[in-house]
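Asks: Turn this into a model:
(chains A and B)
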2 protein chains.
Amino acid sequence: MRIETQRYTERFGSVRLNEVQKVLELDSGKAEEPNSTKNIAVLKIEEEVIWDYENKMAIVVPVKNERLKLFEGVISGVPHDCLLIVVSNSQRGRIDRFRMEKDALAQYCHFTRRPAFIIHQKDPILTKAVAESGYTELLGEDELLSNGKCEGMIAAMLLAMVLKKSYIGFIDADNYFPGSVWEYVKCYAAGFSLAKSPYSMVRILWRYKPKVSAGMYFRKLGRVSEITNKYMNSLISANTGFETEIIRTANAGEHAMTLSLAQLLTYASGYAVETRELLSIFEGFGGVLPLAQPTVVKQGVEIFQIETRNPHLHEERGTKHLQADMLLPSLSAVYWSQLCDGDTRENIIDELISQGILKQKKEEPPTPKMYRSPCEVNLEKFQEIMSENLASYSALAEENSSK
Amino acid sequence: MRIETQRYTERFGSVRLNEVQKVLELDSGKAEEPNSTKNIAVLKIEEEVIWDYENKMAIVVPVKNERLKLFEGVISGVPHDCLLIVVSNSQRGRIDRFRMEKDALAQYCHFTRRPAFIIHQKDPILTKAVAESGYTELLGEDELLSNGKCEGMIAAMLLAMVLKKSYIGFIDADNYFPGSVWEYVKCYAAGFSLAKSPYSMVRILWRYKPKVSAGMYFRKLGRVSEITNKYMNSLISANTGFETEIIRTANAGEHAMTLSLAQLLTYASGYAVETRELLSIFEGFGGVLPLAQPTVVKQGVEIFQIETRNPHLHEERGTKHLQADMLLPSLSAVYWSQLCDGDTRENIIDELISQGILKQKKEEPPTPKMYRSPCEVNLEKFQEIMSENLASYSALAEENSSK
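Replies: Now for the predicted structure:
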């Protein structure tokens, strides 16, 4: 893979925010001869280097009643050397969609000889492990893990720690192109290979997000992302005193981080999760608020934003879904951040009113439901309970047990 | 890459026709340990093996007034180790689209440090080389190379021979997904790695060819392909005496072959080219007609059909384009093959009448314009003229000459 070098890096306390880097070439071929002519603007990341990172990476595919053909396509795009973890919150009962996902994954893993894990968000052992680790805010009134993408993601992070991985990447299950999924993972690995800090994050910017209507229109950014980026940048500008447009990936569902970073962050419920991760980094390590982990400051936190070559084509869910489900939680996360200044808050209210989501000036967006960082709970307890039962979550569990 | 093994092979004289093989995993990771558990139904093609084939392969992108963004995307998906050859028949003159393509390619090659060649179909030196080699049927009334995809493809084959490549693969320039392009090339390499004969061909079957209208509908095959496959299979069945459905890729624009095979085949003008290649193989090596090259028979000709993981999403050109421009030439090629039996001919006429392309039973489809096989012309002469001027077709020609 060949990508642009980091041409510009902004700093927010000990956080290094890299400008967007474009992928130039999906496949840069065999390793180069030493001393070959280099281009100062472009980096070649050798396949061998990427494989090494993939080997230490868990790729999490959160899924909820997704069409099986799309799910199958997505898993077929994940490079073999990554450990695949599927966290499903699909329906069970008479039509057992989780069972179908499990069967599809088992068949796929049987033929491709790859390890993978699949777990249901409401799994009783998972619930027990979460409860006994003291991560009780993750549990709902029914005493099972709450619904929501964020809750599944946190469970996956804990699982990836049990499985001794160093990196975790997320990929949505509604992607039409296995080739895009493949590229996301290569971007994650490429980003980590550039990082100088063990606390780093890679966020994907899609080159285009085509709108499928009559024909195809290649948009640069979704509406929601554009708006969230704007207020996120406004928050940073207010804190640093320099106006910035550095953040282009405030809503990036496709993103990855080191587990060392993941366990230090706080998370917000539902669709606010990706936006909240950034805020958590700025709050913890931006130097404005008291430092979350003083030991981290020396190495700092690094954020990479990588623009793919492939467009992103996924299931369309309509305007209502976008606004109510995505924009409001994202902007609420910014609004309620301890770093958010008065002007940005006021502009967020105006935005939400103009979008028809809030009715009047006096209303405030709802406070996001927050989760502590994983490092604050009893991870050993979680690990103890899950380790014993790990084999049963393997995609090939049934194949193995029938031997 | 992991693909299905060849589960079934049909024979037509010395031609081995392999059933469709599906791609299971785009990226199968690092090379396997020796003695690891194998699955008899699945093959893992190691990346190192693929790189070796890419290194000996020219990838030809024929382009004609394509949108530049699509062209750029396509070239960015071609693995670095392949030699890229762009054959353009785009407009020149006041709006010089060929110039734009050349500039885009030069910029791309500058940053990715990859070699590439770009040549216009009406290039005077190319014309001279074609004329002096005796390939005069390729020239039009204006004494320049004729318009048409096939004519550009033949020029590219001759050029690939001059450039000492062993394999040639074609990729259309109207593809929306660089990741699909990448997969096509991996499939070509995977196919060649399975071939036991130096005379082999790989044809791509798309997993889906989505129809973009209101939403997305994932079709298995285009209409034209379905019809052409039907009559191609009917022709084979009539000659072997066993009904078959083996051919699924009669119109495959995405295909590759060894140059040893390419130079033995005869070609048909325009959109019939891909269909005609198969017919030429069956006529020459099917054992029904006198053998085209008796020496080939021992090793035989091998045809692989590989189904991609990625869907194929390209510019839609509407129904009229499909029928008049593609279906008629494809079926004409089948109709006028020396192997075509009476029943198949009659059914083709009926098909063309029902499609509204022919008016009445007595009409016959037009005879395709045919080109001799490259081995029958004076390739040394072509090579002599082109070799001298090769540097001027390099994408980086201007960069190099200004040094």
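Asks: make it CA atoms for all contacts and neighbour counts henceforth
Replies: Will do.
Asks: What residues does chain A have near chain B?
Replies: Proximity of chain A to chain B, by CA under 8 Å from any CA of the partner chain, involves residues A:2, A:24-30, A:39, A:41-42, A:48, A:51, A:73, A:76-81, A:108, A:111-112, A:176-180, A:182-183, A:212-216, A:309-311.
Asks: Where does the closest residue to chain B within the stretch 101-250 of chain A sit: helix, strand or coil?
Replies: Taking CA to the nearest CA, chain B has its nearest neighbour within the stretch 101-250 of chain A at residue A:179, 4.6 Å off. The three-state label for residue A:179, taken from DSSP: H, G, I helix; E, B strand; the rest coil, comes out as helix.
Asks: For residue A:95, see how far away it is.
Replies: The gap separating residue A:179 from residue A:95 is 30 Å, by CA to CA, to the nearest Å.
Asks: which of these two has more neighbours?
Replies: The residue with the greater number of neighbours, taking residue A:179 and residue A:95 and applying other CA atoms under 10 Å in any protein chain shown, is residue A:179; the counts read 27 against 9.
Asks: buried residues in the helix or strand where residue A:239 lies?
Replies: Assigned by DSSP states H and E, residue A:239 belongs to helix A:223-240. Within helix A:223-240, the residues that count as buried by 16 or more other CA atoms under 10 Å in any protein chain shown are A:224-239.
Asks: Give the closest residue to the residue of the stretch 101-250 of chain A closest to chain B in space, chain neighbours not counted.
Replies: Nearest-residue entry for residue A:179: residue B:179, 4.6 Å, with adjacent residues in sequence omitted and distances by CA to CA, 6 or more residues apart in numbering or on different chains.
Asks: where exactly do the helices run in the stretch 301-403 of chain A?
Replies: When assigned using DSSP state H, counting those that start in this stretch, the helices of the stretch 301-403 of chain A occupy the ranges A:318-320, A:328-335, A:342-354, A:379-389, A:397-401.
Asks: Actually, the stretch 151-300 of chain A.
Replies: Counting by DSSP H, counting those that start in this stretch, the stretch 151-300 of chain A has these helices, from start to end: A:178-194, A:223-240, A:259-262, A:273-285.
Asks: now the second one, how far from the centre of its chain.
Replies: This points to helix A:223-240. Its chain's C-alpha centre lies 19 Å from the corresponding centre of helix A:223-240 when counted by CA atoms, centre = their mean, to the nearest Å.
Asks: what's the answer for the third one, then?
Replies: Helix A:259-262 sits 12 Å away from the centroid of its parent chain (CA atoms, centre = their mean).
Asks: For that helix, name the packing helices and strands.
Replies: Applying 3 or more CA pairs under 8 Å, 6 or more residues apart in numbering or on different chains; DSSP states H and E, one finds that helix A:259-262 contacts helix A:149-162, strand A:199-205.
Asks: Name the surrounding residues that touch the last one.
Replies: Strand A:199-205 is touched from outside by A:20, A:184, A:187-188, A:191-192, A:248-249, A:252-258, A:260-261, A:296, A:299-308, with contacts defined as CA atoms under 8 Å, 6 or more residues apart in numbering or on different chains.
Asks: 7 Å instead, please
Replies: Judged by CA atoms under 7 Å, 6 or more residues apart in numbering or on different chains, the contacts made with strand A:199-205 from elsewhere in the structure are A:188, A:191, A:249, A:252, A:254-258, A:260-261, A:300-308.
Asks: same deal with stretch A:386-401?
Replies: Counting by CA under 7 Å, 6+ apart, residues outside stretch A:386-401 touching it are A:102, A:105-106, A:109-110, A:116-119, A:129.
Asks: now the residues you listed: which count as buried?
Replies: A residue is treated as buried here by neighbour count (16+ other CA under 10 Å); on that basis the buried members of the contacts of stretch A:386-401 are A:102, A:105-106, A:109, A:116-119, A:129.
Asks: which two from those residues end up farthest apart in space?
Replies: Distances among the buried ones among the contacts of stretch A:386-401 were taken as CA to CA; the most separated pair is A:109 and A:129, at 26.5 Å.
Asks: give me the residue from the stretch 251-400 of chain A nearest chain B.
Replies: Taking CA to the nearest CA, the stretch 251-400 of chain A has residue A:310 as its residue nearest chain B, at 5.6 Å.
Asks: list the contacts for that residue?
Replies: Counting by CA under 7 Å, 6+ apart, the residues that residue A:310 touches are A:180, A:207, B:177-179.
Asks: Least confident of these?
Replies: Across those, the bottom pLDDT score, 81, is held by residue A:207.
Asks: what number of residues lie near that one?
Replies: Applying the criterion other CA under 10 Å, we find 19 residues in the vicinity of residue A:207.
Asks: Help me confirm that it comes into contact with residue A:309.
Replies: Yes: with contact taken as CA atoms under 7 Å, residue A:207 and residue A:309 are classed as touching, separated by 6.0 Å.
Asks: thinking again about what came up before, could you export the helix holding residue A:239 as CSV, CA atoms only?
Replies: Provided in CSV are the C-alpha atoms of helix A:223-240 (Å, rounded to 0.1, in the frame of the first residue of the first chain):
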residue,chain,number,x,y,z
ARG,A,223,-24.5,15.1,5.8
VAL,A,224,-24.1,14.0,9.4
SER,A,225,-20.3,13.8,9.2
GLU,A,226,-20.1,17.2,7.8
ILE,A,227,-22.1,18.8,10.6
THR,A,228,-20.4,16.8,13.4
ASN,A,229,-16.9,17.7,12.0
LYS,A,230,-17.8,21.3,12.0
TYR,A,231,-18.7,21.5,15.7
MET,A,232,-15.9,19.2,16.7
ASN,A,233,-13.5,21.6,15.0
SER,A,234,-15.2,24.5,16.7
LEU,A,235,-14.7,22.9,20.1
ILE,A,236,-10.9,22.4,19.3
SER,A,237,-10.5,25.9,18.0
ALA,A,238,-12.1,27.4,21.1
ASN,A,239,-9.7,25.5,23.3
THR,A,240,-6.5,26.1,21.4
